[in-house]
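Here is the input, now give the coordinates:
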Amino acid sequence: MKGTVIHLDSYRGRLAAARMVDGQLDDLLIAADDEVPTPGTIYRAVVDRQFKGQGGVTLRLPDGQSGFLRRASGLRPGQSLLVQVTGYADDGKAVPVTADPLFKSRHVIITPGKPGYNVSRQIRDDDIRESLLELAHDMLGAPTESFGLILRSASETADREEVAGDLIAMSELAATVGQDTSSDPELLVEGPDPHMQAWQDWDMPDALITDPGNFAAQGVEDEIDKLFWPRVALSEDHWMSIEPTRALVAVDVNTGADGSLAAGLKANIACCRALPAALRCRGLGGQIVIDMAPAPKKDRRQIDQVLTKALRADPVSTVIAGWTPLGHVELQRRRERLPLHQLFPEAR
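Next up, the predicted model:
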């Protein structure tokens, strides 16, 4: 099917959301185990101990779990503070958190301690930007020093009553959490499940399918099953292999049966365009090492441009570290999702 279709269902017993673009799986969200802290969750945490020289502290979270906060100067053991989970923890490690929680809905983000009303830079129409700022002032009054907000790109075409409702709901939630004065570790706001996260972060689709069992009926389940295989077909006969290891994610680009002079360049460009979605759907992050297909060094600039453009459109923050002497490209990607092979180890 042409266009964008969002499917809300479950996969192998876990709540899941899938986005299909022109019949291809473009993004996938799958719920982790109930006891695993999910990104977006807000806790009241207690400082446990400091790591001198590293600029971070470990925190006590509810249910005996621990968190790790970077750049935590000025905190003392026993002090309580609000933190928000930013990603999933590696095996045996503390949960990564930030001391700057955000309260996010589809249309607005409330930013405690960061004053000012702002509109997403993706909204370029000056009249729409002005009308959204007027709406924020009407709903919440003049900006204060206690919090700020960002009107997200989805608010550009949304019903103004819906945006107003989000403004009120998120500001009230932020105020309620901010007024908390208790001192023991406690869960304050649960992170979004896959269905809620899809509503918050994905653009309005051409079709939304929520019928139970639609993953199987619409072929989405088959597309997810393919993610457990390392091989990913690219243009023409080209393909790439994506294999996560303990230390890094290895990506190998192959030209297949293409013996033309430009085979390497074409395969590498196809890899760059397909890689963000392939990593997203597999939930892979950390160090990514790409073994590019053989191509002249003069082609590297073009490859870099295509890869940069593809990663800029990806919601998961990824930094291009550069080329190695062996012709590999190294990336550093935020661990925002739990890897698919860890969620379903029996499927490998």
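
so is G78 in a helix, a strand, or just coil?
Assigned by DSSP: H, G, I helix; E, B strand; the rest coil, the conformation of G78 is coil.

cool, and the one 5 residues further on?
The three-state label given to V83 by three-state DSSP is strand.

I'd say it and G67 touch.
Yes - counting by C-beta atoms under 8 Å, V83 does reach G67; the two are 6.2 Å apart. (C-beta placed from N, C-alpha, C; glycine too.)

so what's in contact with these two at the same time?
Here V83 and G67 share the contacting residues Y43, A45, L59, V97, scored by C-beta atoms under 8 Å, 6 or more residues apart in numbering.

my guess is Q218 meets T210, correct?
No - counting by C-beta under 8 Å, Q218 sits too far from T210 to count as a contact (11.4 Å).

Okay, and the beta partners of the closest residue to P39 other than its chain neighbours?
Leaving aside its sequence neighbours, P39 sits nearest to V85 (C-beta to C-beta, 6 or more residues apart in numbering; 5.2 Å). Beta-bridge partners recorded for V85 (DSSP bridges): V97.

Point me to the helix or strand that includes the nearest residue to M292 once chain neighbours are set aside.
Closest residue to M292 apart from its sequence neighbours, by C-beta to C-beta, 6+ apart: N268 at 4.9 Å. Element membership for N268, per DSSP states H and E: helix 263-282.

just S235 next, same as before
Using DSSP H and E, S235 sits in no helix or strand.

Not counting residues beside it along the chain, what's closest to it?
Excluding the flanking residues, the one nearest S235 by C-beta to C-beta, 6+ apart is A270, at 4.4 Å.

count of neighbours near the one you found?
Number of residues near A270 (other C-beta atoms under 10 Å) recorded here: 22.

Over to L187?
L187: 14 neighbours (other C-beta under 10 Å).

quick one: what helix or strand has it in it?
Using DSSP H and E, L187 falls in strand 186-189.

what comes up buried for that strand?
Across strand 186-189, burial judged by 16 or more other C-beta atoms under 10 Å covers L188, V189.

One more: stretch 176-187?
V177, P185.

ends of it, how far apart?
Between the opening and closing residues of stretch 176-187 there is a gap of 14 Å (C-alpha to C-alpha, to the nearest Å).
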